[in-house]
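A.B. asks: Give the three-dimensional model of this entry:
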Amino acid sequence: MTQTSPKPQPVLGAHMEAELSSQPDVWQRAVRQAEAEAGTVLPSAGQKVAVIGCGTSWFMAQSYAVLREGSGQGITDAFAASEAFVDRGYDALVAITRSGTTTEVLEVLDRLRGKVRTTAIIGDTTSPASGSADNVVELPYADEQSVVQTRFATTALVYLRACLGIENSPAIEDARTAVADDVPQALIDAEQFSFLGRGWTIGLAHEAALKMREASQSWTESYPAMEYRHGPISIAALNRVTWLFGEEPPGLAEDVSRTGALYVHRAADPLAELVRAQKVALERARARGLDPDQPRNLSRSVILDS
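C.D. replies: Alright, predicted model coming up:
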């Protein structure tokens, strides 16, 4: 009798793992692209700019808006594409979209055609958004197969940071460490996460919380760090995590410690810390038998019926 070997079981989150692990190398490529395209596709310094996206891309838009305005480039506002109040005298609009097919983003680009100069940062360069924007930043090497986004979003932000003159080398090296490090069991087993940020890292905190929800169906919240003690800290307790990206408010560590919650804060570049949070989300999903490449109720792009 011939015995057949059992079929190998698919690795949960195999695409997400490969994509999040590739980020240091992909970021380096984005920096080189930003250097080559400097001053050609993004709005000029001094222009009033709106930045839009949906989901993860919206949170990257938030981070970029703070960085651009903070660097003296001009007024910069971030909007969810579905709530984009862009008829306010903006000189230019930047849309961040991995798929280039998201209905709300396309609607805004169509509405502004011929009225406001638009730039789309796109993963799928064959998508409708490529023909809807005046300028296109093409990031096909950062596109992904996993439904849960990792490298496209961070690569878009690295590109934008590079265009603002921000040095990304420390983030790339810190990301290599984050990819290589093991995930502590305490983070895999934790009941709840609160992610915090200040300034441009508030967008990262929101994205970390979203990643944990999407990938592992975890209970997560996110706040500006200085708002955390105005109520949300009441959720902190044993077997729960408070994770801060970026600048630490005085006294926060001590206040969280008194709750019994695990406090996570490192000196690494906050964008690399987002990579670390992505890896935690992946391992939490696997521990629960979930596949973040095909998460519950989600698809790669939201395309609405007209």
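A.B. asks: hmm, who's touching the helix or strand harbouring residue 96?
C.D. replies: In the assignment (DSSP states H and E), residue 96 maps to strand 92-97. By CB atoms under 8 Å, 6 or more residues apart in numbering, the list of residues contacting strand 92-97 from outside reads 42-43, 47-54, 57-58, 60-61, 64, 81, 86, 105, 108-109, 112, 116-123, 127, 129, 133, 153, 156. Any C-beta I mention is one placed from the backbone N, CA and C, and that applies to glycine too.
A.B. asks: Beta-bridge partners for residue 138, please?
C.D. replies: residue 122 (DSSP bridges).
A.B. asks: Number the residues from 51 up from this point.
C.D. replies: Understood, numbering begins at 51; the last thing we discussed is residue 188.
A.B. asks: That one: how many residues sit nearby?
C.D. replies: As a burial measure, residue 188 scores 17 neighbours (other CB atoms under 10 Å).
A.B. asks: Show the contacting residues for it.
C.D. replies: Each residue near residue 188 by CB under 8 Å, 6+ apart is listed here: 172, 175, 180.
A.B. asks: Now do stretch 163-181: distance from first to last residue.
C.D. replies: Its start and end residues considered, stretch 163-181 measures 11 Å (CA to CA, to the nearest Å).
A.B. asks: Now tell me what touches that stretch from outside.
C.D. replies: For stretch 163-181, the external contacting residues (CB under 8 Å, 6+ apart) are 91-93, 136, 140-151, 155-156, 159, 162, 182-190, 192-194, 202, 206, 209-210.
A.B. asks: got any ranges where this protein has weak pLDDT?
C.D. replies: Counting by pLDDT under 70, the chain contains low-confidence ranges at 51-59, 347-356.
A.B. asks: Give me the helices and strands touching the longest helix anywhere in it, please.
C.D. replies: Ranked by residue count under DSSP state H, the longest helix found in the chain is helix 320-337. In terms of contacts (3 or more CB pairs under 8 Å, 6 or more residues apart in numbering; DSSP states H and E), helix 320-337 is packed against helix 64-71, helix 201-213, helix 219-230, helix 235-239, helix 251-266, strand 290-295.
A.B. asks: list the buried ones in the third one?
C.D. replies: Of the residues in helix 219-230, 221, 222, 224, 225, 226, 228, 229 count as buried by neighbour count, 16 or more other CB atoms under 10 Å.
A.B. asks: got these as CSV, with distance to residue 84 columns?
C.D. replies: Shown next, in CSV, are these (distance: CB to CB, whole Å):
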residue, distance to residue 84
221, 13
222, 13
224, 19
225, 17
226, 20
228, 22
229, 22
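A.B. asks: These: which two are farthest apart?
C.D. replies: Comparing all pairs in the buried residues of helix 219-230 by CB to CB, the longest separation belongs to 221 and 229, at 12.3 Å.
A.B. asks: And residue 135, how far from residue 168?
C.D. replies: Separation of residue 135 from residue 168 (CB to CB, to the nearest Å): 16 Å.
A.B. asks: again, but for residue 85
C.D. replies: Using CB to CB, residue 85 is found at 23 Å from residue 168.
A.B. asks: So which of the two has more stuff around it?
C.D. replies: residue 168 (25 against 10).
A.B. asks: now the helix or strand hosting that one against helix 201-213, angle please.
C.D. replies: Per DSSP H and E: residue 168 is located in strand 167-172. Comparing the axes of strand 167-172 and helix 201-213 via axes from the mean of the first three to the mean of the last three CA atoms, to 10 degrees yields an angle of 130 degrees.
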